[in-house]
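>>> any chance you can model this:
(chains A and B)
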Amino acid sequence: MKRKPNARPRRKTAARAIDFQTDWTYAPAPESTGHIQLRERYGLFINGQFVNPKSGKYFATTNPANEKKLAEVAEAGIADADRAVRAARQAYETVWSRLSAAERGKYLYRIARIIQERAREFSVIESMDGGKAIRESRDVDVPLVAAHFFYYAGWADKLAYAFPGKTPKPLGVAGQIIPWNFPLLMAAWKIAPALATGNTVVLKPAETTPLTALKLAEVFRDADLPPGVVNIITGGGATGAALVNHPDIDKVAFTGSTDVGKLILKALAGRKTKYTLELGGKAANIIFEDAALDQAVEGIVNGIFFNQGHVCCAGSRLFVQESVADVVVEKLKERMETLIVGDPLDKNTDIGAINSRMQLDKIQAYIKIGRDEGADFYQTSCKLPAKGYWCAPALFTNASQSHRIVQEEIFGPVLAIQTFRTIEEVLEKANNTPYGLSGGVWTDKGAKIFKMTSKLRAGVIWANTFSKFDPGSPFGGYKESGVGREGGLQGLMPYLQLA
Amino acid sequence: MGTTEHAKQPVPAEAGSGAGKRLPILKTYKLYIGGKFPRTESGRYFTARAPNGTALANLCLSSRKDFREAVVAARAAVEKWSNATAYLRGQILYRIAEMLEGRRAQFVSELVAQGSTETDATAEVDASIDRLVYYAGWTDKFQQIFSCVNPVSTSHFNFSVCEPTGVVGIVAPEADGLLGLVSNLAPAIAGGNTCIVLASNTRPLCAVTLAEVLHAADVPGGVVNILTGTRDELSAQFASHMDVNAVILCSSDAAEIQATQIKAADNLKRTIVRQSSDWSAPEHQSPYLILDTQEIKTTWHPIGS
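Modelled structure (predicted):
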């Protein structure tokens, strides 16, 4: 750059760099846990009460940030799943299907309000049980949970307007299986539309994150929701299988891995059971040279490091146009250095704990795979706590389309970066995956946005933004990322028969 | 070919074999793949028969390779057809109806030859034509019914639209050789998908003749591919092919349905099972049948402040 001879000399680059060692340390600001009430042991929530499991088995749920046991929860067996489905069936036939739609909706409004009142408690437990930063559980998960119930509450008595020419009717009993990455939010995504459309529910939370669902049972009880309308059974994969294989469920809603989704589909083959599947993803986040690069960098960070990267729609494949690749990667690394990894309950924490030992092992295995495949690895220099499961934010540059870190879902804070020159090239690469859940595009050109958003084969596209969610916005995948939509008007359809 | 009896052309009833009469030209029934009319690569055939056993025609007994080639053709046609304007797709569907109307007599006589009464055959052809007109009218309207702008609680413009699922395999119903096929084909292509159709094995004649109609109606090559053959051999291929996005199985056979759904799970194919004893029933024409092979895409963009 040419400078006028008598202009004041600019400071050297080195002097302008931010000193992360001194400028970015924050005093601890932990959220209080004093008001949290957890029982030592939780039974199964069936027919409006917590009952002991017929299996007689319990397992511990731990805090991934310190590996301490939080509570014991029941492990539902086949007999327990059967009991829960029977309770749901009875509630459907004797109470819920006879209730007026408007009254049904009023229960959902009540539930939404109680969740808002107990928001802090839910946020703290969510962060303790799952490891996510309190900033996210407090500002994203729990508000969206309340909003989701509020949104679907209003649909209960308006369903006829949603499907012109059709008469919608409920299906009956829905069996719902949810993952550990957004435990309470996924419970809301499943339960709210099911109840609004007049179905009853048996919900199975994830093995490592059962607590907020069990606290949600308290909300249902406090809202006087009729017993059996929602039943919650805890356990692992075997419990989920018992629910899917139960002959008296009319609908399966599953969020989890693509592999398990395929197993569920095969188990449902030949049955009349309807299903929705929200499965894995490997979203392309595409940065063009004409994008607002600083905003794009924020979007990249939000896309892959949100919720420790435990996000099915995470922007885990970054495509940067070649002309700006160096500057984007440099800005990204600088920004990553500011991310605070640590105590999920600390209000300054950006990245909390990895959800489980198993998941941490998987992420580390992928990091090794990526290095062995020959991509260049970078990980931030932040200190990690001694106890608990942690992974500092990481990225690979010079990743290529055939690398496993580009093809497979890592489900952790690990980004794979590729570069591109033309729109055609990046579309080809972005769509060359069995997945199709989400995608991102960053450019200032309107026509380019519409070209990209219409050509990307994925169910949710964020343009000049990323990782945004709303109860009114349908969510779900193309191809092997799933079947059906959750959220919005479209989220009603999987819970209805349209006569 | 190893038949002992010669397969006869069903149509020209007035063409006798008396002295001085003209010898009729028999029609060769072939496949329709990528806008061309090839024979099966396998060289095999089967004989379509009238209910009394009279041979009507020899048809291609399609192989798995024919099916794979049809998938390649269908995939290649996705880009153009899914991006064709809704208006153009409507024009082409209407054109199919026009062409079919012009060849009513041929379709009626094929259906009669395969066992329909004259009255039923006429009704089936008329219903098929009308159904194509019905879907011609939906191409530029279903999007308006099923799309929406979503009022999200952040400063974003958010909208959801339908996009075609992609390559759709259709195992057409055995009964109603024309109307059953049209009822399943029309909503899929109206929505911008491309298709591979396995025609009725027992009533295949109209499917092949329909291919000629499609060709004459400017349906781009590869948008519709029509195979003749057996379900036993091919329906599993429809379910298992990894580059097929959805399969519409017209069947009431529990074992076939289950086997299809198991195989289809391997690439999360959308599986749609349809069964009917009467394809002329009103529930077999609906925009919701277009929606069966649509995906919902939701797009977010900041509004700015």
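>>> contacts only, for residue B:91.
Residues in contact with residue B:91 (Cβ atoms under 8 Å, 6 or more residues apart in numbering or on different chains) are residue B:136. Where C-beta positions appear, they are placed from N, C-alpha and C, glycine not excepted.
>>> roughly how far apart are residue A:441 and chain B?
Note on residue A:441: its distance to chain B, by Cβ to the nearest Cβ, to the nearest Å, is 9 Å.
>>> surely that residue touches residue A:449?
Yes: checked against Cβ atoms under 8 Å, the pair residue A:441 and residue A:449 is within contact range at 5.9 Å.
>>> chain neighbours aside, what residue packs nearest to residue A:405?
Spatial nearest neighbour of residue A:405, chain neighbours left out: residue A:370 (4.0 Å); criterion: Cβ to Cβ, 6 or more residues apart in numbering or on different chains.
>>> in the helix or strand harbouring the one you found, what's buried?
Using DSSP states H and E, residue A:370 sits within helix A:357-373. For helix A:357-373, a neighbour-count test (16 or more other Cβ atoms under 10 Å in any protein chain shown) marks A:359-360, A:362-363, A:366-367, A:370 as buried.
>>> and what of stretch A:402-411?
A:403, A:405-406, A:408-411.
>>> ends of it, what's the gap?
Start and end residues of stretch A:402-411 are separated by 18 Å (Cα to Cα, to the nearest Å).
>>> ok, and what's touching it?
Where contact means Cβ under 8 Å, 6+ apart, the residues beyond stretch A:402-411 that reach it are A:181, A:257-258, A:280-282, A:309-312, A:314, A:316-317, A:359, A:362-363, A:366, A:369-370, A:373, A:375, A:396, A:399-401, A:414, A:416, A:418, A:433, A:435.
>>> take these and keep only those in helices.
Residues of the contacts of stretch A:402-411 located in helices (DSSP state H): A:258, A:359, A:362-363, A:366, A:369-370, A:373.
>>> between those, which is closest to chain B?
residue A:258 (7.5 Å; Cβ to the nearest Cβ).
>>> these two touch, right, that closest one and residue A:480?
Yes: the criterion here is Cβ under 8 Å, and residue A:258 meets it with residue A:480 at 5.3 Å.
>>> what's the overlap in contacts for those two?
In contact with both residue A:258 and residue A:480: A:279-280, A:434-435, B:268, using Cβ under 8 Å, 6+ apart.
>>> can you show me the strands along the stretch 201-350 of chain A?
A:230-232, A:251-255, A:274-278, A:284-287, A:317-321 (DSSP state E, counting those that start in this stretch).
>>> the first one - what's its average pLDDT?
Which is strand A:230-232. For strand A:230-232, the mean per-residue pLDDT is 98.
>>> now what about that strand, what contacts it?
For strand A:230-232, using Cβ under 8 Å, 6+ apart, the contacting residues are A:44-47, A:84-85, A:87-88, A:191, A:195, A:200-205, A:213-214, A:216-217, A:220.
>>> can you turn the buried part of those residues into a PyMOL selection?
In PyMOL, a selection of the buried entries from the contacts of strand A:230-232 looks like this (16+ other Cβ under 10 Å):
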select buried, chain A and resi 44+45+46+47+84+85+87+88+191+195+200+201+202+203+204+205+213+214+216+217+220
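>>> in helices only, show me the contacts of strand A:230-232.
Short answer: the contacts of strand A:230-232 in helices (DSSP H) are A:84-85, A:87-88, A:191, A:195, A:213-214, A:216-217, A:220.
>>> please name the residues that touch the residue nearest in space to the middle of chain B.
The residue lying closest to the centre of chain B (Cα atoms, centre = their mean) is residue B:185, at 3.8 Å. Going by Cβ under 8 Å, 6+ apart, residue B:185 touches B:170, B:172, B:195, B:197, B:224.
>>> that older thread, a markdown table for the buried residues of stretch A:402-411, including secondary structure?
Output for those, formatted as a markdown table (DSSP: H, G, I helix; E, B strand; the rest coil):
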| residue | secondary structure |
| --- | --- |
| A:403 | coil |
| A:405 | helix |
| A:406 | helix |
| A:408 | coil |
| A:409 | coil |
| A:410 | coil |
| A:411 | coil |
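>>> so of the strands of the stretch 201-350 of chain A, which one's packed in deepest?
strand A:230-232 (a mean of 30; mean count of other Cβ atoms under 10 Å in any protein chain shown).
>>> what about it, distance to the chain center?
21 Å (Cα atoms, centre = their mean, to the nearest Å).
>>> can you check stretch A:38-49 too?
On Cα atoms, centre = their mean, the centre of stretch A:38-49 falls 25 Å from that of its chain.
>>> quick one: average pLDDT of that stretch?
For stretch A:38-49, the mean confidence score works out to 97.
>>> what do you get for stretch B:203-220?
Here the average pLDDT along stretch B:203-220 is 97.
>>> which parts of it are buried?
Going by neighbour count (16+ other Cβ under 10 Å), the buried part of stretch B:203-220 is B:203-215, B:217, B:219-220.
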